[in-house]
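S.K.: below are the sequence and a predicted model for it; my questions follow.
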Amino acid sequence: MDYILKVLFLALLSISAQGKLLTGSFWHITDLHWDPTYKFTDGNSGSVCNSSGNRPTPQAGKYGDYVCDSPWDLISSSVHAMKDILPDPDFIIWTGDDTPHVPNEDLGEEEVLSIISNITYIIKEVFPKTKVYSALGNHDYHPKNQLPDTQSNIYEQVQNLWKDWLDPASRGTFKRGGYYTEKLLNQTGVRVLVLNTNLYYDQNKVTENIKDPADQFKWANQVLTEATKNKEKVYIVGHIPPGFFEKKRHKPWFRPEFNQQYMDLIQNYHNIIIGQFFGHHHTDSFRMFYSSSGSPINAMFLSPGVTPWKTTLPGVVDGANNPAIRVFEYNTKTLLVEDIVTYYLNLTYANIAHARWEKEYRLTEAFTVPDASPASMHQVLEQIAHENCYLQKYYTFNSVNYDLSVCNKDCRIDHVCALREVSFEAYEHCVEKEGASSTIQALITVNVALALSFWAIL
Ligand SMILES: *[C@@H]1O[C@H](CO)[C@@H](O)[C@H](O)[C@H]1NC(C)=O
Ligand SMILES: *[C@@H]1O[C@H](CO)[C@@H](O)[C@H](O)[C@H]1NC(C)=O
Ligand SMILES: *[C@@H]1O[C@H](CO)[C@@H](O)[C@H](O)[C@H]1NC(C)=O
Ligand SMILES: *[C@@H]1O[C@H](CO)[C@@H](O)[C@H](O)[C@H]1NC(C)=O
Ligand SMILES: [Zn+2]
Ligand SMILES: [Zn+2]
């Protein structure tokens with residue numbers, strides 16, 4: 001009896017140890033947007049930062065202001081917080097946008113490169129032995145958004161800055177179009193694709209009439225076909241995501257034909273694409289991909305940014321956020337994302353006291369799901385769509401505890417449809433359908449109320 005118990009105990013121990021052994025973790029950081037003009041002097045004399053665009057900066061302090069891009073103190077604080085919280089990650093994903101939101105005239109090629117260089121330097125200094133998978137953002141170019149489909153000085157210089165992180169073959173494709181692929185940590189069976197989706201941005205005039213800028217789709221198809229043959233599992237990493245901005249109705253980033261091509265890529269290779277990691281929104285959100293029969297086949301994780309900068313995009317009200325960094329826990333063999341833990345800095349508190357990075361939430365706890373698989377993320381979305389308490393929880397996380405207001409009917413439609421539908425057509429259809437059903441619901445409520453009040457009179 002004793003012996004049997006002992007064997008059972010040891011067996012259980014080894015199962016749980018194996019489970020643990022297969023769990024790895026990595027950091028995702030994005031949208032650091034350093035503003036070198038940020039100056040905080042007590043007494044608030046003169047302009048605090050050029051990225052404010054002359055908006056008032058009443059909350060300015062050592063770690064920044066909600067209308068400014070990041071001061072160096074915030075950049076440094078975020079990278080050191082990563083080191084304090086999880087000093088030895090398997091790798092780091094860094095999805096770009098390093099320069100401030102200022103007019104092109106305030107920057108130049110030199111300035112953009114020196115900003116990328118400083119941020120590269122601090123990441124290397126704090127994580128000297130860690131592999132970094134790094135993607136360019138639309139702000140990592142001069143003039144901004146105009147990333148070309150051919151060789152350029154910036155691609156050349158940046159692959160040189162990142163040479164310690166890149167395989168020789170990666171340096172080659174990066175020089176050609178800002179993208180690359182590698183075996184994940186040089187291991188068999190797992191792979192990373194870093195895409196330059198800035199080529200698909202509708203603000204990029206250089207790629208406007210090009211069918212397949214820098215042959216990136218052709219290349220990605222080849223890589224994924226080969227990966228399928230080799231039975232590899234794949235992560236896709238990029239800056240600008242396809243689909244719609246959840247804080248502004250009808251606002252996509254990609255040109256329509258590129259959005260469709262991206263969806264096709266996921267449809268065709270969803271068996272081996274296990275995760276997609278993007279930035280650009282500065283908010284915390286995710287996107288679902290479904291098969292033609294409607295089953296969840298993929299999830300894209302949009303990580304919140306480090307910059308708190310309140311967007312000037314017309315139609316977005318009070319679109320700032322608290323600075324955030326994020327840990328993904330994953331199965332090192334299957335690449336399944338097991339959990340997501342987001343940490344943040346309450347900027348208001350940091351400015352009046354000290355930089356305290358705290359856990360914001362853990363996905364599986366906050367939404368009571370077993371992991372972050374496509375099926376689980378679908379369940380998270382259903383909860384958000386149908387239960388007000390989950391909608392509100394998601395909405396507060398969306399701005400990293402900055403906007404604590406209530407997500408109303410229109411807000412619900414904006415978010416639910418952006419999360420659910422990446423395709424342009426399906427999104428418009430969702431907005432119509434959700435709008436109509438909420439109108440019907442409102443009508444029913446009014447009618448019931450009227451009927452009840454008649455009853456009361458009678
Ligand atoms: C910041 O803005 C001021 C006023 O518009 C301008 O004179 C200055 O050149 C800008 N600084 C930088 C570094 O762009
Ligand atoms: C940025 O890099 C330059 C050149 O290496 C250096 O002189 C400067 O001190 C760095 N700035 C910061 C804030 O680290
Ligand atoms: C990757 O693995 C191959 C063989 O498995 C080896 O030759 C190469 O040096 C490794 N590269 C790195 C960067 O470790
Ligand atoms: C952030 O800190 C400020 C100042 O301490 C506090 O008033 C506010 O409630 C905090 N916000 C959150 C979401 O905890
Ligand atoms: Zn950005
Ligand atoms: Zn961006």
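M.R.: Looks like it came in fine. Ligands and ions are numbered 1, 2, ... in the order given.

S.K.: would you pull up the residue in the stretch 1-150 of the chain closest to ligand 4?
M.R.: In the stretch 1-150 of the chain, the residue that lies nearest ligand 4 is residue 59 (10.3 Å; Cβ to the nearest ligand atom). Yep, even glycine has a C-beta here, placed from its N, CA and C like the rest.

S.K.: how many neighbours does that residue have?
M.R.: 17 (other Cβ atoms under 10 Å).

S.K.: got the contact list for it?
M.R.: 65-66, 347-348, 351 (Cβ atoms under 8 Å, 6 or more residues apart in numbering).

S.K.: most neighbours among those residues, which one is it?
M.R.: Highest neighbour count within the contacts of residue 59: residue 65, with 27 neighbours (other Cβ under 10 Å).

S.K.: what's the closest non-adjacent residue to that residue?
M.R.: residue 57 (4.5 Å; Cβ to Cβ, 6 or more residues apart in numbering).

S.K.: just checking, the one you found is part of a strand?
M.R.: No. Residue 57 is assigned coil when assessed by DSSP: H, G, I helix; E, B strand; the rest coil, not a strand.

S.K.: can I assume it is in contact with residue 50?
M.R.: No. Look at residue 57 against residue 50 with Cβ atoms under 8 Å: they stay out of range, at 11.3 Å.

S.K.: ok, back up a step: what's the burial count for the residue nearest to residue 65?
M.R.: 19.

S.K.: can you check the one 4 residues further on too?
M.R.: Residue 61: 18 surrounding residues under other Cβ under 10 Å.

S.K.: list the contacts of the residue lying closest to it once chain neighbours are set aside.
M.R.: Counting by Cβ to Cβ, 6+ apart, residue 61 lies nearest to residue 351, which is 2.7 Å off, once chain neighbours are set aside. By Cβ under 8 Å, 6+ apart, the contact list for residue 351 reads 59-64.

S.K.: residue 128 in helix, strand or coil?
M.R.: Applying three-state DSSP: residue 128 is coil.

S.K.: any idea how far it lies from ligand 5?
M.R.: Applying Cβ to the ion, to the nearest Å, the value for residue 128 to ligand 5 is 26 Å.

S.K.: dihedrals phi and psi, that residue?
M.R.: phi -60, psi -30 (degrees, to the nearest 10).

S.K.: which two among the contacts of residue 351 are spaced furthest apart?
M.R.: 59 and 62 (11.6 Å; Cβ to Cβ).

S.K.: could the contacts of residue 59 go into a markdown table alongside distance to residue 413, pLDDT and secondary structure?
M.R.: Shown next, in a markdown table, are those (distance: Cβ to Cβ, whole Å; pLDDT from 0 to 100; DSSP: H, G, I helix; E, B strand; the rest coil):
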| residue | distance to residue 413 | pLDDT | secondary structure |
| --- | --- | --- | --- |
| 65 | 31 | 97 | coil |
| 66 | 26 | 98 | coil |
| 347 | 29 | 98 | helix |
| 348 | 30 | 98 | helix |
| 351 | 35 | 97 | helix |
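
S.K.: for the residues you listed, which one is nearest residue 240?
M.R.: residue 66 (23.1 Å).

S.K.: who's in contact with that closest one?
M.R.: Counted by Cβ under 8 Å, 6+ apart, residue 66 has contacts 59, 308-310, 320, 347, 402.

S.K.: what helix or strand is residue 39 located in?
M.R.: Using DSSP states H and E, residue 39 is not contained in any helix or strand.

S.K.: relative to residue 76, how far out is the closest residue to it other than its chain neighbours?
M.R.: Once flanking residues are discounted, residue 39 sits nearest to residue 48: 6.3 Å by Cβ to Cβ, 6+ apart. Plainly put, residue 48 is 18 Å away from residue 76 if you go by Cβ to Cβ, to the nearest Å.

S.K.: more neighbours: which of those two?
M.R.: Set residue 48 next to residue 76 and count neighbours by other Cβ under 10 Å: residue 48 wins out with 26 against 17.

S.K.: OK, contacts around that one?
M.R.: Residue 48 touches 38-40, 57, 60, 65, 68, counting by Cβ under 8 Å, 6+ apart.

S.K.: of the residues you listed, grab the buried ones for ChimeraX.
M.R.: Filtering those down to the buried ones (16 or more other Cβ atoms under 10 Å) takes a single ChimeraX command:
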select :38,40,57,60,65,68
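
S.K.: can you tell me which of the contacts of residue 48 is closest to ligand 5?
M.R.: Of all the contacts of residue 48, the one sitting nearest ligand 5 is residue 68; the distance, using Cβ to the ion, is 13.5 Å.

S.K.: quickly find the element holding that closest one.
M.R.: Using DSSP H and E, no helix or strand contains residue 68.

S.K.: quick check: the gap between the spatially closest residue to it that is not a sequence neighbour and residue 58.
M.R.: In this structure, residue 68 finds its nearest non-sequential neighbour in residue 49, 3.8 Å apart by Cβ to Cβ, 6+ apart. Counting by Cβ to Cβ, the gap from residue 49 to residue 58 is 13 Å.

S.K.: what about the residue of the stretch 251-400 of the chain found nearest ligand 6, distance to residue 294?
M.R.: Residue nearest to ligand 6 within the stretch 251-400 of the chain (Cβ to the ion): residue 280, separated by 3.8 Å. According to Cβ to Cβ, residue 280 stands 27 Å off from residue 294.

S.K.: next: residue 342.
M.R.: In terms of Cβ to Cβ, residue 342 sits 29 Å off from residue 294.

S.K.: returning to what we had before: hang on, the residue nearest to residue 68 packs against residue 36?
M.R.: No. Between residue 49 and residue 36 there is no contact under Cβ under 8 Å: 9.3 Å.

S.K.: these two: who's more crowded?
M.R.: Per other Cβ under 10 Å, whichever of residue 49 and residue 36 has more neighbours is residue 49, with 26 against 18.

S.K.: contacts only, for the more buried one.
M.R.: Listed by Cβ under 8 Å, 6+ apart, the contact set of residue 49 reads 35, 37-39, 57, 60, 65, 67-69, 71, 100.

S.K.: tell me the phi and psi of it?
M.R.: phi -160, psi 150.

S.K.: give me the pLDDT for it.
M.R.: Residue 49 carries a pLDDT value of 97.

S.K.: from ligand 6, how far out is it?
M.R.: Distance of residue 49 to ligand 6, given as Cβ to the ion: 18 Å.

S.K.: same check, this time on residue 167
M.R.: Distance, residue 167 to ligand 6, using Cβ to the ion: 26 Å.

S.K.: give me the element the nearest residue to residue 262 once chain neighbours are set aside is part of.
M.R.: Counting by Cβ to Cβ, 6+ apart, residue 262 lies nearest to residue 242, which is 4.4 Å off, once chain neighbours are set aside. Counting by DSSP H and E, there is no helix or strand that carries residue 242.

S.K.: quick check: residue 242 touching residue 424?
M.R.: No. Taking Cβ under 8 Å as the definition, residue 242 is not a contact partner of residue 424, at 9.6 Å.

S.K.: look at these two and report which has more neighbours.
M.R.: More crowded of residue 242 and residue 424, by other Cβ under 10 Å: residue 242, with 26 against 18.
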